[in-house]
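1. fold the following.
(chains A and B)
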Amino acid sequence: MKQPLETHDIQALAFAGYGELRRARYIFLRLEDAARAKKWLRDIASEEVTTQKALEMRKAKGEKKRHALHVAFSASGLRSLGLSEQVLGSFLPEFVAGMAEEYRARALGDTGSSAPEKWQFGGPDARGERDIHLVLMLFTHGNLDQSGSMDAYHLRHRQRYEAHGLREVFIQDACLLPMVRDDGTEDGSREAFGYRDGMTQPTLEGTHHKPGQSAPLKAGEFILGYENEYGQLPFTPVVPAEQDPQGLLPVLDVKGSSAKDLGRNGSYLVIRKLRQDVDAFERFLSEHCHDPEDPEGDAARKELLAAKMMGRWRSGAPLSLCPEKDDPGLGKDPARNNDFCFESDPKGLRCPLNSHVRRSNPRDGLIPGDPKESLKISNRHQLLRRGRPYKDPDGEQGLMFLALNANIRRQFEFVQQTWMNNPKFGGHYDSRDPIAGDNHDPAVEGSDPKAYSVTIPGEPVRQRITGLPRFVHTRGGGYFFLPGIQALRFLAS
Amino acid sequence: MDDTSARVFPVRETEATGDTLLPRRQEVSPRRARARARVAARRNALTVVVPIQSDPEGCWRLETVLKEIGQDIRRNPHISFQALRATHFLRWVIVPGRDRRMLALEANFDGSVGEFLDDLIQVAGKTLKESLYCHCEPAIQREDPDEALKGYLLDHALPESLFYRGYPGLTVESIENDARVRALTNEYLDLPRKGRWKSASQLQEDIRRYLERADPMPRLDPEPVPWKTRLMRTRFVRTLLGGLSLPVGIPLGLALLAHEGVDVMKEKVKARLGRRSPVLHAYGDEDARRLGELLVREDFQAQNQLTHVVDLKPGLLRVPLIKLAFRYWGYLATYYFDEGKLGGIEGIHFARWVLVKDRRQHGKRRLLRRAKYQVLFFSNYDGSWESYLGSFVDRASIGLTTIWCNTVGFPRTRLWLRPFRLELGADREEAFKQWVRQHQVPTQAWFSRHPDKSIGNIVNNREIRSKVRARMSPERTREWLLCL
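-> Numbering: from 1, shown residues only, chains lettered A, B, ... in the order given. Alright, predicted model coming up:
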């Protein structure tokens, strides 16, 4: 049964990555006074929060969008807005407990120098003064050096939210980085390690399907209120009917219930600030590609190792399609660069089982010899990724990771724990995701570098590098609820 | 004495008249002795469930000891598990009974129950007597001889209704030998060398030589596989035997479906009469606390454990139906599923279902009223809880539903007419997982012999070891080298 999407009620972040709005600013706020904050929320709910419908209408009129705004809430934010514990208990327990919980840090690999106690924001806070209640996401034009339009846009909003008693806890800027071609022209975007970015995204059923993208998934994997890949409606937060006297929320679609559906058209948003240690990465590549007998070949070997670890060449071309040599033309062609599978490569001789691309989305190669079942299972763990690179004034760079999903545990946490950080994935012994996994970090007590390896299958025998250092470190994060517009109005009432 | 058979354990009487304080041993009745011998001869698994005394002081002591053992399973002061040379997994867990709590021991090992118990009592007899089973009912005493303790554990052993092994035939010793072979092979490949790699068969030869020079030399030859096992592993025989189960399987499925249907109708009538069941699925404070208690014990090593306890639904047909389901899946697990895969799920080391009957009668005995049962499920599996339960839902929902639909609170099977499909209880992913968490019990003490090995590793290590000396075609040699 296919339901049409209620695009006027869904925040457009679920559909748009805003490739043309290069700058983004994430403002993490704390509210001091619920009544005043609600007034502000009411205002922005009616005018500012961008929905898909608004985008479509603007596009039909031929207007270009100049900026976009989204808002999402943490569990403590919902609590401060006056939601009862009973209602909060109907949200996912992972969301209520938060990302910084001790168990979760272990499962997500946030240990050592990535431990929540060391985070810039979102970490445990005994006094609750740095608790984040909501995040405001602004998108405008501009590039890495020009923040003019963003500053002006932010200033306008800062005046409004500060006047309503909201306090800034942390602000993070991010900006899409252009991928510069040899001839100096720009083409697509890249992330900090230099790989082309933003190619594999799941397509939602009922939205435009681009050539070369994987088959569409049910909307319920990402938006609450619709059927998911199990043929089920996802668990949704509910409000008893008497707590919604104005009738702002739709009635829950369950027989014999009068409860109101707070989750409809909403989603769970995962935010993580991930520092990428570019120097360590390049150093690692150089160290393991130097051959005194053939120093000329070092550069080529380095690119090959980088590609084997990622599963793609830096140009974006996947190893599954060109395992021997880079093909930049393939890399930038959106109709072809994502049109591949792993079924015919069960041992990873082309694209290593261990590579980042294959671990974070094993496609039809998850269960050897059963591509159909593999695809079915892979499809149940997808994320809509909305991240972009950042570069802080102190030179630190990395990725502001944002992902939308309907079930944090089954989607985000599963991918992180079972596919990326699990040393046994794909029959391995001690290999985590070589790029983004929680590899050797000397700050983790008692960790032995020998227990972190990367294996690159080859003939006659594999190449195995032990002592793989951790390249991506967590600097902060949290779980948020991205409500639909009606739900936003309810929260503001 | 006429009450011997009614008593589970002889009462202690000491004779103060003589100069020695010797316990007077009572004879075990021949029937009981036979029963004990039968249990002692079973292989690979032991489940012992004993009620815990109700006095709070003793309970607290028992919990403290289990906590001390569980917190540092390898270096705790009570039991040195590493000395149990043939034990794969072992746990003690306090499970809620119908009106009192029970101490459950679950162990998987090589050889017979009798051998395992001798081993266990030798290593930990003192702790068992003085810290664990002295708080149970009936209690064991400090001065009891080891023989009595063994008899006591055998008397309380429960048969496994459905028992699954991930690597039948592989002993602790051979798993560790295989791991050493792989480690040595890697050691050889890491040696500094000049030039490019040699050909595949030359490489195999070099690896073999290196392994043969190791001290002590690991066992390299493959275990002989009896022709019966080899025959059973062929696809044709397996499909044939699997097909044979259908005449039982189909009526069983229909009976379960009809039973579910009757239950749903009953509920509908009740709802008409004004008793509506709530649809909210909120996690209350209590649920959140329970969940937290489970989570703090997870994800420390390659495997995790699951202990799950749920009541059987009332109704006269439930016991025969669940027993038939166990038989059915037990048959398929033995004859149909590949080694190391239960209904397509990889990564279960050992799993078992146990039916526990509540022997105490409550209130008046009525005609046609059956005893109360609980369904215990123990599992030792690879990876995270979420991936384990996920693969249950993805790949084995029919098996789970036929077993657990007989228990309280399991998500209902539903029939949709448009489009026509049957939605099994375990297909309802979120509701099913929530139900599992609600009935999962935190395990106090859990030992794994292989904290760093997944089933994939164990199977792969065996493959490496068993072919080191094999003469293979170049193609097979290349495949073998890819296992490294």
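2. break chain B down into its domains, please.
-> Following automatic domain parsing, one finds the domains of chain B at B:14-158, B:172-222+B:456-482, B:232-453.
3. need the ones you listed in JSON lines with mean neighbour count and mean pLDDT, can you?
-> Quick note: C-beta positions are derived from backbone N, CA and C, even for glycine. As requested, the domains of chain B are arranged in JSON lines below (neighbours: other C-beta atoms under 10 Å in any protein chain shown; pLDDT from 0 to 100):
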{"stretch": "domain B:14-158", "mean neighbour count": "17", "mean pLDDT": "89"}
{"stretch": "domain B:172-222+B:456-482", "mean neighbour count": "16", "mean pLDDT": "92"}
{"stretch": "domain B:232-453", "mean neighbour count": "17", "mean pLDDT": "85"}
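4. those domains into a markdown table, with extra columns for distance to chain A?
-> Below are the domains of chain B laid out as a markdown table (distance: least, C-beta to the nearest C-beta, whole Å):
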| stretch | distance to chain A |
| --- | --- |
| domain B:14-158 | 14 |
| domain B:172-222+B:456-482 | 4 |
| domain B:232-453 | 4 |
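5. strands of the stretch 301-450 of chain B, start to end?
-> Ranges of strands in the stretch 301-450 of chain B, per DSSP state E, counting those that start in this stretch, are B:303-311, B:341-342, B:345-346, B:348-357, B:373-382, B:414-416, B:421-423, B:445-448.
6. which parts of the stretch 251-400 of chain A sit against chain B?
-> Residues of the stretch 251-400 of chain A lying close to chain B by C-beta under 8 Å from any C-beta of the partner chain are A:252, A:254, A:256-257, A:259, A:347, A:373, A:376-377, A:380.
7. so what's the residue nearest to B:R43 when sequence neighbours are not counted up against?
-> Distances taken as C-beta to C-beta, 6 or more residues apart in numbering or on different chains put B:S112 closest to B:R43, at 5.3 Å, once the chain neighbours are dropped. Contacts here follow C-beta atoms under 8 Å, 6 or more residues apart in numbering or on different chains; on that basis B:S112 touches B:40-43.
8. centroid residue for chain B?
-> Nearest to the geometric centre of chain B sits B:A351, at 3.4 Å (C-alpha atoms, centre = their mean).
9. so which of the domains of chain B is nearest A:H288?
-> Closest to A:H288 of these is domain B:172-222+B:456-482 (C-beta to C-beta; 13.5 Å).
10. can you give me the offset of the closest one from its chain's centre?
-> The chain centroid and the centroid of domain B:172-222+B:456-482 are separated by 32 Å, computed with C-alpha atoms, centre = their mean, to the nearest Å.
11. which helices and strands sit right next to the helix or strand where B:V123 lies?
-> Assessed by DSSP states H and E, B:V123 sits inside helix B:113-127. Contacts defined by 3 or more C-beta pairs under 8 Å, 6 or more residues apart in numbering or on different chains; DSSP states H and E place helix B:113-127 against helix B:30-41, strand B:43-51, strand B:87-96, strand B:101-112, helix B:146-155.
12. hey, what's the angle from the last one to strand B:43-51? Just curious.
-> Going back to what we said before, that points to helix B:146-155. 90 degrees (axes from the mean of the first three to the mean of the last three C-alpha atoms, to 10 degrees).
13. and the first one, by the same measure?
-> With the same axes, to 10 degrees as the basis, helix B:30-41 and strand B:43-51 are set at 130 degrees to each other.
14. pull the distance from helix B:30-41 to the chain's centre.
-> The answer for helix B:30-41 is 23 Å, by C-alpha atoms, centre = their mean.
15. what's the angle between it and helix B:113-127?
-> 100 degrees.
16. what's next to helix B:30-41, contact-wise?
-> Helix B:30-41 is contacted from outside by B:4-5, B:28, B:112-114, B:117, B:151, B:154-155, B:157, using C-beta under 8 Å, 6+ apart.
17. just the shortest one next, same as before
-> By C-beta under 8 Å, 6+ apart, the list of residues contacting strand B:43-51 from outside reads B:95, B:97, B:100-113, B:116-117, B:133, B:136-137, B:153, B:156-160, B:163, B:165, B:350, B:352, B:354, B:356, B:376, B:378.
18. ok, now with 6 Å
-> B:100, B:102-108, B:112-113, B:136-137, B:153, B:156-158, B:160, B:163, B:354, B:356 (C-beta atoms under 6 Å, 6 or more residues apart in numbering or on different chains).
19. what packs against the helix or strand just after it?
-> Moving toward the C-terminus from strand B:43-51, the next helix or strand (DSSP H and E) is helix B:56-71. The criterion is 3 or more C-beta pairs under 6 Å, 6 or more residues apart in numbering or on different chains; DSSP states H and E, and the helices and strands that helix B:56-71 contacts are strand B:445-448.
20. change it to 8 Å
-> strand B:87-96, strand B:445-448.
21. a markdown table for those, including distance to B:K433?
-> Compiled in a markdown table, the helices and strands packed on helix B:56-71 are given as follows (distance: least, C-beta to C-beta, whole Å):
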| stretch | distance to B:K433 |
| --- | --- |
| strand B:87-96 | 20 |
| strand B:445-448 | 21 |
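22. and the residue nearest to A:D197 when sequence neighbours are not counted, how many neighbours?
-> Excluding its sequence neighbours, the residue lying closest to A:D197 (C-beta to C-beta, 6+ apart) is A:E191, at 4.5 Å. Other residues lying near A:E191 total 20 when counted by other C-beta atoms under 10 Å in any protein chain shown.
23. before we move on, back to that, and the least confident of the residues of the stretch 251-400 of chain A next to chain B?
-> Scanning those for pLDDT, the low point is A:G256. It has 70.
24. tell me the residues of the stretch 101-250 of chain A that contact chain B?
-> Checking the stretch 101-250 of chain A against chain B by C-beta under 8 Å from any C-beta, the hits are A:102-103, A:106-107, A:230-232, A:234-235, A:238.
25. looking at the residues you listed, which are in helices?
-> Taking DSSP state H, the ones among these that sit in helices are A:102-103, A:106-107.
26. what about the nearest residue to A:D364 once chain neighbours are set aside, neighbour count?
-> Closest residue to A:D364 apart from its sequence neighbours, by C-beta to C-beta, 6+ apart: A:P371 at 3.7 Å. Close neighbours of A:P371, defined as other C-beta under 10 Å, add up to 17.
27. so which residues of chain A form helices?
-> Going by DSSP H, chain A shows helices at A:34-47, A:52-60, A:75-80, A:85-88, A:93-97, A:102-108, A:148-163, A:278-289, A:298-310, A:328-332, A:356-360, A:371-378, A:414, A:485-492.
28. winner for burial among these?
-> Comparing those by mean neighbour count (mean count of other C-beta atoms under 10 Å in any protein chain shown), helix A:356-360 comes out on top with a mean of 24.
29. got the contact list for it?
-> Residues outside helix A:356-360 that contact it (C-beta under 8 Å, 6+ apart) are A:200, A:309-312, A:318-319, A:342, A:348, A:351-353, A:365, A:415, A:419-420, A:425-426, A:433-437.
30. repeat the analysis, applying 7 Å as the threshold.
-> A:309-312, A:318, A:342, A:351-352, A:365, A:415, A:419-420, A:425, A:433-436 (C-beta atoms under 7 Å, 6 or more residues apart in numbering or on different chains).
31. how about stretch B:426-435?
-> A:230, A:232, A:234-235, A:407, B:281, B:389, B:392-393, B:397, B:400-401, B:409-411, B:425.
32. any idea how far A:L399 is from the residue of chain A most remote from its centre?
-> Going by C-alpha atoms, centre = their mean, the residue of chain A most distant from its centre is A:E293, 43.0 Å out. Distance from A:E293 to A:L399, counting by C-beta to C-beta, to the nearest Å: 38 Å.
33. over to B:R32?
-> 68 Å.
34. before we move on, what about A:L81?
-> Taking C-beta to C-beta, one finds A:L81 at 30 Å from A:L399.
35. just the pLDDT for the closest residue to A:G220 other than its chain neighbours.
-> Leaving out its chain neighbours, the residue that sits closest to A:G220 by C-beta to C-beta, 6+ apart is A:N228, at 3.3 Å. A:N228 is assigned 92 on the pLDDT scale.
36. what count of nearby residues applies to A:N228?
-> Neighbour tally, A:N228, other C-beta under 10 Å: 23.
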